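# When you get a sec, could you give me coordinates for this:
(chains A and B)
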Amino acid sequence: MSGYSAPHCGSLRASDEGHRVELYGWVARRRDHGGVTFLDVRDRWGTVQVVVRSQTETFVRNEYVIRVAGKVARRPAGSENPKMATGEVEVVADEVEVISEAKTPPFEIVDEVDADEALRLKYRYLDLRRPKMAQTLELRHRVVQAIHRYMDAHEFIEVETPMLLKGTPEGSRDFIVPSRLHPGEFFALPQSPQQLKQLLMVAGIGRYYQIARCLRDEDLRADRVVEITQLDVEMSFCTEEDVFALIEGLWAKVWKDVLGIEIPTPFPRLDMQESLLKYGTDKPDLRYELEIADVTDTLRETGATVLRGAVDAGGVVRCLAVPGGKDMSRRDLDELVLLAKGAGAKGLAWIPGPLDRHLSEGELTAIRSASGAGADDLVLLVADRRRKAETVMGLLRREIARRRKLIRQGEWKFLWVYPMYMFEEDDLGNLTYGHHPFTSPWPEDMHLLTERPYDVRARAYDCVMNGVEISGGSVRIHDRELQERVFEILGMDRERIHGQFGHLLDAFEYGVPPHGGIAAGIDRLMMAIKDTENIREVVAFPKTQSHQDLMLGAPSPVSPEQLEELHIQVVPPRKTGS
RNA sequence: GGUCCCGUGGUGUAGCCUGGCCAAACACGCGGCCCUGUCAAGGCCGAGAACGCCGGUUCGAAUCCGGUCGGGACCGCCA
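Modelled structure (predicted):
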């Protein structure tokens, strides 16, 4: 067998005419005409047609692995297939050998699969056989290679950081790994190499990057996987402007090298507050307009009690014009109501609609004008707590854009959301960090740190493209005292600060350069590039929403011996309802 | 932690709202035969599901109800 050096099925072209070749691949399809049979033979590079005459006929079925020896020939005039890259030629076989037989696969290995995703995940090795999936894997490789080239050219060096780290109670839930040699003690798998990369700056590395796996034990969403891959970057003596320039250049290079597209730089910037107001999200998709407007002040004295109630309770009223939306059916609107309620809204109003008679002429005019609604437009209204109203309007905005096909396909809309806020309020009303606790506060806002922490801006930024947050980072704190102060504002006592972050604080006493960086999620980047809303489409072996690997059957129980060795006792979950 | 959607032959769907005419239809795939130029090949013939699982309502359930399992979407969560 000499398959490694053999030409690829998908690479044969007219220029190969006359060459004797040996091909290895999978039978993608067979068309048996009696005296002559056509086999489409597939490998990662594509598919080529093989002509088998009766004298060399061998019994094959779809997905058999075969070896074909034959001659590359131009197809007879008129029988070329312009839909295939190899369509000008065919291989006339004088030998067909079955290397490996195959059962009928549980779903057809074609690009237009409509098989259930769970089935595809169970037989992922078959799913990846589909040309589209193979192309996605290759595209991902191209992206990562472009990143490596770019980072290397800018004198960044890739440094690997450990997988077994110290757990932190902050941030997302850790995956933990029991220590055999230290009974009762555990490692944590990295949520990100954050502290290590900062320590590399203290070490004087200056420019670090890594394509790092990060693991977060959180509930999944359409755009989340448990094991994310991120480009992790940190640099010394930099400002946010340096990071922006670096990353703008990086995306420009990736888009050019991989997609052949020139993207304009620098990217526009939008501060977080404006983003939440106008787009209802911190990651706006600018491929469509649809701006949200605030009409709280107009409705302070309104007779519409549903709106008034929210305003009196300190909430807001936001509105959004749906272009040409007056033609929406009651059913369409009901679906939007369902969406809004599903996101926790108390309700959804629209104009013109049942609410009209409770609103004054002046209020109606003001709402229409604030939302920029034209004569044929419908205006959606949500009244709620500010955060909830933003979330709901953001969802509605996206849904409207999808339904009314307002998203301009083929556009790449990059922007920086910057600055962001240093602190946020969690659902219990407690103060928590917006980005992470190592983020530097905005210098001019330093005096607000103690009295009005929520007004403190952070030197933090997200790079958003087509509604996907593809990277985010910050300029870090490099001063021990300030870092300790931020921890304290976050409600940590001295003991905890030193137990969790003592190494970092100590390091800051030995000469620390100002530094900052960014992390870019490769999975989400790939989603954006492939324009898919399903992150599993860009990951080779993804897990389900409930963290299971349907192919491997993981997670799975381990033997009592293994548990004993690890000093672990399993406590079965309490049965629900008992 | 919560809400919602889905689960019918190998695959995808129809049927389910308005129980009986459904041991269930259609397409693809699969098997056999025919066919020397197709490329979603074609023609003819054929096999294949008691409708995720458990329980209930009913004279009768794929169809109604409850639970459960699996998948997905969303809110929370994701420094």
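# from here on, contacts and neighbour counts on C-alpha atoms
OK.
# Let's test this: mean pLDDT of the helix or strand containing A:H503, rounded?
If you go by DSSP states H and E, A:H503 is part of helix A:494-507. The predicted model assigns helix A:494-507 a mean pLDDT of 92.
# What are the buried residues along that helix?
A:497, A:500-501, A:504-505, A:507 (16 or more other Cα atoms under 10 Å).
# How about residues contacting that helix?
A:168, A:195, A:199, A:202, A:480, A:483-484, A:487-488 (Cα atoms under 8 Å, 6 or more residues apart in numbering).
# Point me to the residue of the stretch 101-250 of chain A nearest RNA strand B.
Residue of the stretch 101-250 of chain A nearest RNA strand B, by Cα to the nearest atom of the strand: A:G171 (2.7 Å).
# Assign A:M526 to one of the three secondary structure states.
Recorded secondary structure, A:M526: helix (DSSP: H, G, I helix; E, B strand; the rest coil).
# what stretches of chain A score poorly on pLDDT?
The model of chain A has pLDDT under 70 over residues A:1, A:427, A:574-578.
# Could you break it into its assigned domains?
A:9-100, A:134-270+A:414-538, A:288-403 (automatic domain parsing).
# Looking at these, which is nearest to A:L276?
domain A:288-403 (6.3 Å; Cα to Cα).
# Can you check the distance spanned by the closest one, start to finish?
Chord length of domain A:288-403, first to last residue, is 12 Å (Cα to Cα, to the nearest Å).
# now swap in stretch A:508-516 and tell me
End residues of stretch A:508-516 are separated by 14 Å (Cα to Cα).
# And the contacts of it?
By Cα under 8 Å, 6+ apart, the list of residues contacting stretch A:508-516 reads A:198, A:201-202, A:204, A:234-240, A:243, A:473-480.
# do that again at 7 Å, thanks
Contacts of stretch A:508-516 from elsewhere in the structure, counted by Cα atoms under 7 Å, 6 or more residues apart in numbering, are A:201-202, A:234-238, A:474-476, A:478-480.
# Dump the residues you listed to a markdown table, plus secondary structure, distance to RNA strand B and neighbour count.
Shown next, in a markdown table, are the contacts of stretch A:508-516 (DSSP: H, G, I helix; E, B strand; the rest coil; distance: Cα to the nearest atom of the strand, whole Å; neighbours: other Cα atoms under 10 Å):
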| residue | secondary structure | distance to RNA strand B | neighbour count |
| --- | --- | --- | --- |
| A:M201 | helix | 16 | 22 |
| A:V202 | helix | 17 | 22 |
| A:E234 | strand | 13 | 27 |
| A:M235 | strand | 16 | 26 |
| A:S236 | strand | 18 | 21 |
| A:F237 | coil | 21 | 14 |
| A:C238 | coil | 20 | 16 |
| A:S474 | strand | 10 | 28 |
| A:V475 | strand | 13 | 27 |
| A:R476 | strand | 12 | 23 |
| A:H478 | coil | 16 | 24 |
| A:D479 | coil | 18 | 17 |
| A:R480 | helix | 17 | 16 |
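# Make CSV from these and add distance to A:R216 to it.
CSV is the format used below for the contacts of stretch A:508-516 (distance: Cα to Cα, whole Å):
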residue, distance to A:R216
A:M201, 25
A:V202, 26
A:E234, 21
A:M235, 25
A:S236, 27
A:F237, 30
A:C238, 29
A:S474, 20
A:V475, 23
A:R476, 22
A:H478, 26
A:D479, 28
A:R480, 28
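# and the gap between the residue of the stretch 301-450 of chain A found nearest RNA strand B and A:E424?
Ranked by Cα to the nearest atom of the strand, the top residue of the stretch 301-450 of chain A for proximity to RNA strand B is A:H436, at 2.7 Å. Distance, A:H436 to A:E424, using Cα to Cα: 11 Å.
# Also A:P542?
32 Å.
# who has more neighbours, these two?
Using other Cα atoms under 10 Å as the criterion, A:P542 and A:E424 rank with A:P542 on top: 20 against 16.
# Apart from its chain neighbours, what residue comes closest to that one?
A:R536 (5.7 Å; Cα to Cα, 6 or more residues apart in numbering).
# again, but for A:M422
Nearest to A:M422 is A:A458, by Cα to Cα, 6+ apart, at 4.5 Å.
# Show me which residues of the stretch 251-400 of chain A sit near RNA strand B.
A:339, A:342-344, A:388, A:391, A:395 (Cα under 7 Å from any atom of the strand).
# related to what we said a few turns ago, dump the domains of chain A into a markdown table; add distance to A:F107 as well.
As requested, the domains of chain A are exported to a markdown table (distance: least, Cα to Cα, whole Å):
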| stretch | distance to A:F107 |
| --- | --- |
| domain A:9-100 | 11 |
| domain A:134-270+A:414-538 | 17 |
| domain A:288-403 | 30 |
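# The nearest residue to A:V113 once chain neighbours are set aside: helix or strand, and which one exactly?
The shortest distance from A:V113 to any non-neighbouring residue, by Cα to Cα, 6+ apart, is to A:F107 (7.6 Å). Under DSSP H and E, no helix or strand contains A:F107.
# what about A:F107, neighbour count?
Counted with other Cα under 10 Å, A:F107 comes out at 15.
# how about the closest residue to A:T391 other than its chain neighbours, what does it touch?
Leaving aside its chain neighbours, A:T391 sits nearest to A:G280 (5.6 Å; criterion: Cα to Cα, 6+ apart). A:G280 sits next to A:390-391, A:393-394 when contact means Cα under 7 Å, 6+ apart.
# who does the host helix or strand of A:R402 touch, helix- and strand-wise?
Assigned by DSSP H and E, A:R402 belongs to helix A:386-403. Judged by 3 or more Cα pairs under 7 Å, 6 or more residues apart in numbering; DSSP states H and E, the packing partners of helix A:386-403 are helix A:272-279.
# contact partners of the helix it packs on?
Contacts for helix A:272-279 (Cα under 7 Å, 6+ apart): A:281-282, A:284, A:291-293, A:390, A:394, A:417-420.
# neighbouring strands for the helix or strand that it is followed by, and are they parallel or not?
Sequence order places strand A:292-294 as the next helix or strand after helix A:272-279, per DSSP H and E. Strand A:292-294 pairs in its sheet with strand A:316-322 (antiparallel), by DSSP bridges.
# what comes into contact with the partner strand?
Contacts of strand A:316-322 (Cα under 7 Å, 6+ apart): A:290-296, A:310, A:371-373, A:377-386, A:389.
# what's the angle between the next helix or strand after it and helix A:386-403?
As assigned by DSSP H and E, the chain's next helix or strand after strand A:316-322 is helix A:330-342. Interaxial angle of helix A:330-342 relative to helix A:386-403 (axes from the mean of the first three to the mean of the last three Cα atoms, to 10 degrees): 140 degrees.
# export helix A:330-342 as PDB, just CAs?
This file holds the C-alpha atoms of helix A:330-342, laid out as PDB (Å, rounded to 0.1, in the frame of the first residue of the first chain):
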ATOM      1  CA  ARG A 330     -51.700  38.500  15.700                       C
ATOM      2  CA  ARG A 331     -49.900  35.100  15.600                       C
ATOM      3  CA  ASP A 332     -46.500  36.800  14.800                       C
ATOM      4  CA  LEU A 333     -47.100  39.100  17.700                       C
ATOM      5  CA  ASP A 334     -48.100  36.300  20.100                       C
ATOM      6  CA  GLU A 335     -44.900  34.600  19.300                       C
ATOM      7  CA  LEU A 336     -42.900  37.700  20.200                       C
ATOM      8  CA  VAL A 337     -44.900  37.900  23.400                       C
ATOM      9  CA  LEU A 338     -43.900  34.400  24.100                       C
ATOM     10  CA  LEU A 339     -40.300  35.200  23.500                       C
ATOM     11  CA  ALA A 340     -40.400  38.300  25.700                       C
ATOM     12  CA  LYS A 341     -42.100  36.400  28.500                       C
ATOM     13  CA  GLY A 342     -39.700  33.500  28.100                       C
END
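# I'd like the next helix or strand past it.
strand A:349-351.
# still on that earlier bit, show me how to select, in ChimeraX, the buried members of the contacts of helix A:494-507.
Burial among the contacts of helix A:494-507 is assessed by 16+ other Cα under 10 Å; the matching ChimeraX selection reads:
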select /A:199,202,480,483,484,487
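# picking up where we left off before, got TSV for the buried residues of helix A:494-507, with distance to RNA strand B too?
Converted to TSV, the buried residues of helix A:494-507 look like this (distance: Cα to the nearest atom of the strand, whole Å):
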residue	distance to RNA strand B
A:I497	13
A:Q500	11
A:F501	11
A:L504	13
A:L505	15
A:A507	17
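# I'm done for today, thanks for sticking with me.
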